[in-house]
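Novice: Next come a sequence and a model predicted from it.
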Amino acid sequence: MGATLTPTTLELDAGDVVADVDPRVFGGLLEHMGRCVYEGVYEPTSAHADEHGCRTDVLDALRELSFTAVRYPGGNFVSGYDWRDGVGPRDQRPERLDRAWRCTESNQFGTDEFLPLCERMGWTPMMAVNLGTGTADDARDLVGYVNEPAGTHAGD
C-alpha cells in the first residue's frame, strides 16, 4: 500500500540566531577545470588583464560574491597536482598532463599567483593538498612554503 503524504509547513525566523557561523563557510574554490583559471580569472593577453595577468572584469564579478575564503587548487584537479609545478619563474614551470581533466596544464597560474590574488581580493587562502598521488611530505612542504619567509629552506 502506498503512503499518504501529509502537507507540512516550515517556518523560519532569520532573526533567531542559533549559533555563530564561521565566515569561511562563505567561500569558494578555484579549480583548473575548463576556463575557470585560464581564460577566466587568469588571462594575461586579455584587454581586461591587470598587471598580474588577472582579468579585472572577472575579479569584479567575484568581489560581488563576497567570498571570505577560497580553496586552491579546488576540486578534482588537486588529486594529481604537484604544487611545486606552480611556483617559481613561469618560464621554468613544466607543462604536465592533467589526468583529472585530460588536458595539458601549463602551470602558468599556481600557488605563487594564487596567494597574492587572495591578498588583493581579501580572501583567506585555503590550500588543498594532493591526497591522490601526493604524499604527506608533499603536504608538509607546501605548508612550509606558504608559511615560512623567503630565504629559508621551506620558504624557497
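Specialist: Thanks, I have it. Please read all numbers here as calculations on a predicted model, not as lab measurements. Numbering: from 1, shown residues only.

Novice: Next, find the distance separating the nearest residue to residue 87 once chain neighbours are set aside from residue 138.
Specialist: The shortest distance from residue 87 to any non-neighbouring residue, by Cβ to Cβ, 6 or more residues apart in numbering, is to residue 112 (4.8 Å). For every residue, glycine as well, the C-beta is placed using N, CA and C. Distance, residue 112 to residue 138, using Cβ to Cβ, to the nearest Å: 17 Å.

Novice: that older thread, what's around the residue nearest to residue 87, how many residues?
Specialist: Neighbour count for residue 112, taken as other Cβ atoms under 10 Å: 17.

Novice: Averaged pLDDT, the helix or strand it falls within. What do you get?
Specialist: Per DSSP states H and E: residue 112 is located in helix 111-121. Here helix 111-121 scores 97 as its mean pLDDT.

Novice: Stretch 61-74 now?
Specialist: In this model, stretch 61-74 has a mean pLDDT of 94.

Novice: Could you list the low-pLDDT ranges of the chain?
Specialist: Along the chain, segments meeting pLDDT under 70 span 1, 152-156.

Novice: Just the buried positions in whatever helix or strand comes next after the helix holding residue 112, please.
Specialist: Where DSSP H and E defines the elements, the next helix or strand beyond helix 111-121 is strand 124-127. Judged by neighbour count using 16 or more other Cβ atoms under 10 Å, the buried positions of strand 124-127 are 125, 127.
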